[in-house]
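Participant: My questions concern the predicted model and sequence given below.
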Amino acid sequence: MKTMRRRQFLRGSIVSGIAAVMPFSRVRAANDSIRVGVVGLGGRGTGAHIPSFEKQDGVTVVAVCDPDSERMAAAAKMVESRYGRKVDRYADMRGIFDRKDVDVIANATQNYWHGLSTIWACQAGKHVYVEKPLSHYIREGRRMVNAARRYNRIVQCGTQHRSEARVARAIQWIQEGHLGGIKLITAFANKRRSSCGKRATPLEIGDTVDYDLWCGPAKKLPIYRNRLQYDCSFDWNTGDGESCNQGVHEVDVARWCLGESLLPRRVISIGGRFVFNDACNTPNAQIAYYEFPTAPVLYEVHNLTKAAGSTEMPAFRGEAVGVIVDCEGGSVSLYRGIARDNDGRQVRQFSGGGDHFQNFIAAVRSHDRKKLNADVLEGHLSTAVCHTGNISIRLGERAPAKEISGRIREVPAFHEMFERFTRHLVAHNINVDSPTVTLGRWLDIDVKNESVAGSEEAGRLVDGFYREPYVLPALTS
């Protein structure tokens, strides 16, 4: 397996150093006020975006938007009770975009809305903080980058680990070559999820929700799960599954560590939806292999507990969620900030936090996107990596474990991950000797055009689907 040598580390080094992720001064000019409109009022919009902007000097939330009037009312009430003033309310985000006095859009919509809403905001002259995963489709993500550049807007993706000094310091140390070349990176997330349910009749959409606006660019279909909102992340029409929903965080950190600025050249993903007989259709157990020129990134996600009847979650080297970099001379846990040598002795520890929202506002005030820790381009590339894995599995077919094992034996590290994956399924009484696991296609990636080489089916998933009139503008660079 190819290793990443010292000179390659230097190519991907963090030129700006640790200062890029340290807290910024809150001193501002008297006329340096920033007015924010928050779009999407679920847990992130109400629970994170509003307080994270409001706590900064000179930053004020002036408007909120959601097609669910109950969510919107709750957010408006929270602002009034906590910060002592009323905010304007909009069911349709375009009402906020039309306002000349709004400087920033805090975009906490669901990811199938991220692309169109961010592009509209850029066209309206707004700077945007947009949640992860950046896009619902690869082509959409590139058009978001194009919109930010064409309209000269500051657009930050909500991959918050980019603003953690602990992670930045560990990556810089690795890139300086202290443990030799990188052999591989394992990214993983073991997050328990419950079934989204399966109804015999469609979910009734209450009068408080403008369902057409809620669906936006997605297909307007009846819902057979039990909840309208968050579980939409686990339906291909409106979401991208856990390997993108959570996985973009870990893949982003791994790609940052490698210093890669293009998509992987080859990809395969394996998995399925197990145990739950429900209306959602994205995998709840999935592994992926992303082959970069410098070193491979392996990813695994498990939404199921350690075994049937257990309340514990699986772990990788003692961690539930994380990124571990295996080098020639040892390994580094980037989330924990711990480096060990090949004998398991701790040789270095890294610390320090940071504030992603403060970093964004500092970039907006200086109108300098180079100050962003997670510019839209970085968010696009990391999200697109996750999309390639999902495209692989969506084009795959079910096969017995023995057949899958033979297909991936050429990649020992991924084969080892697959064996761990099958043990987890067997612990849930799943017969892996029958064709229950989906073997995704090996995909050759056209890295220049951010597409899949020689596959019309894959091309359609790269381009995506948009429902009239919520159609993505054809923006080129």
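Facilitator: Structure's in. What do you need?
Participant: and Asn431, what helix or strand is that in?
Facilitator: Of the helices and strands defined by DSSP states H and E, none includes Asn431.
Participant: Show me the domain layout of the chain.
Facilitator: Domain ranges of the chain: 21-162, 165-351+377-463, per automatic domain parsing.
Participant: can you redo the ones you listed as TSV with mean pLDDT, mean neighbour count and distance to Val471?
Facilitator: Quick note: C-beta positions are derived from backbone N, CA and C, even for glycine. Below are the domains of the chain laid out as TSV (pLDDT from 0 to 100; neighbours: other CB atoms under 10 Å; distance: least, CB to CB, whole Å):
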stretch	mean pLDDT	mean neighbour count	distance to Val471
domain 21-162	93	20	8
domain 165-351+377-463	97	19	7
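Participant: out of these, nearest to Ala363?
Facilitator: Closest of the domains of the chain to Ala363 is domain 21-162, at 5.1 Å (criterion: CB to CB).
Participant: Which neighbouring elements make contact with the lengthiest strand in the chain?
Facilitator: Longest strand in the chain, counting residues (DSSP state E): strand 182-190. On a contact count with 3 or more CB pairs under 8 Å, 6 or more residues apart in numbering; DSSP states H and E, strand 182-190 meets helix 247-258, strand 296-302, strand 321-327.
Participant: The first one packs against which elements?
Facilitator: In terms of contact count using 3+ CB pairs under 8 Å, 6+ apart, helix 247-258 is assigned the packing partners helix 165-175, strand 182-190, strand 296-302, strand 321-327, helix 376-394.
Participant: ok, back up a step: following the longest strand of the chain, which helix or strand shows up next?
Facilitator: Past strand 182-190, the next helix or strand by DSSP H and E is helix 211-215.
Participant: okay, the very next helix or strand once past that following helix in PDB with CA atoms only?
Facilitator: If you walk from helix 211-215 toward the C-terminus, the next helix or strand you reach (DSSP H and E) is helix 242-245. The C-alpha trace of helix 242-245 is given here as PDB (Å, rounded to 0.1, in the frame of the first residue of the first chain):
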ATOM      1  CA  GLU A 242     -25.600   8.400   7.700                       C
ATOM      2  CA  SER A 243     -22.500   7.900   5.600                       C
ATOM      3  CA  CYS A 244     -23.000  11.500   4.300                       C
ATOM      4  CA  ASN A 245     -25.100  13.000   7.100                       C
END
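Participant: ok, now which ones touch Val426?
Facilitator: Val432 (CB atoms under 8 Å, 6 or more residues apart in numbering).
Participant: re earlier: tell me which of the helices and strands packed on helix 247-258 lies nearest to Asn429.
Facilitator: Set against Asn429 and scored by CB to CB, the helices and strands packed on helix 247-258 come closest in strand 296-302, at 15.6 Å.
Participant: Pull the closest one out as CSV, backbone CA atoms only.
Facilitator: C-alpha atoms of strand 296-302 as CSV (Å, rounded to 0.1, in the frame of the first residue of the first chain):
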residue,chain,number,x,y,z
PRO,A,296,-6.7,5.4,1.1
VAL,A,297,-9.5,6.6,3.3
LEU,A,298,-11.7,3.8,4.7
TYR,A,299,-15.1,4.7,6.3
GLU,A,300,-17.5,2.7,8.3
VAL,A,301,-20.8,3.7,9.9
HIS,A,302,-23.1,1.6,12.2
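Participant: Give the partner strands of it in its sheet and their orientations.
Facilitator: Applying DSSP bridges, strand 296-302 is found paired with strand 182-190 (parallel), strand 285-291 (antiparallel).
Participant: mind putting the ones you listed in JSON lines, distance to Asn373 included?
Facilitator: As requested, the strands paired with strand 296-302 are exported to JSON lines (distance: least, CB to CB, whole Å):
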{"stretch": "strand 182-190", "distance to Asn373": "19"}
{"stretch": "strand 285-291", "distance to Asn373": "22"}
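Participant: Out of the ones you listed, which is closest to Lys219?
Facilitator: Nearest of the strands paired with strand 296-302 (CB to CB): strand 285-291, 23.2 Å.
Participant: rewinding a little: can you redo the domains of the chain as TSV with distance to Leu472?
Facilitator: As requested, the domains of the chain are arranged in TSV below (distance: least, CB to CB, whole Å):
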stretch	distance to Leu472
domain 21-162	6
domain 165-351+377-463	7
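Participant: and of the ones you listed, who's closest to Phe360?
Facilitator: domain 21-162 (4.3 Å).
Participant: For Val39, give me the backbone phi and psi.
Facilitator: phi -110, psi 120 (degrees, to the nearest 10).
Participant: Bridged to it, which residues?
Facilitator: Bridge pairing for Val39 - DSSP bridges - gives Cys65, Asn107.
Participant: That one is in contact with Gln110, isn't it?
Facilitator: No. Counting by CB atoms under 8 Å, Val39 does not reach Gln110; the two are 10.9 Å apart.
Participant: ok, back up a step: make CSV out of the helices and strands packed on strand 182-190 and add distance to Gln172.
Facilitator: Formatted as CSV, the helices and strands packed on strand 182-190 follow (distance: least, CB to CB, whole Å):
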stretch, distance to Gln172
helix 247-258, 10
strand 296-302, 19
strand 321-327, 12
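Participant: Out of those, the one nearest Ala279 is which?
Facilitator: Nearest of these to Ala279, taken as CB to CB: strand 296-302 at 19.9 Å.
Participant: Can you give the distance of the closest one from its chain's centre?
Facilitator: Centre-to-centre, strand 296-302 and its host chain are 14 Å apart (CA atoms, centre = their mean, to the nearest Å).
Participant: Specify the angle between that strand and helix 376-394 in degrees.
Facilitator: Relative orientation of strand 296-302 versus helix 376-394 (axes from the mean of the first three to the mean of the last three CA atoms, to 10 degrees): 70 degrees.
Participant: quick one: contacts of strand 296-302?
Facilitator: Residues contacting strand 296-302 (CB under 8 Å, 6+ apart): 1, 184-191, 242-243, 246-247, 250-251, 254-255, 258, 264, 283-290, 313-314, 316, 385, 389, 411, 413-414, 417, 420-421, 424.
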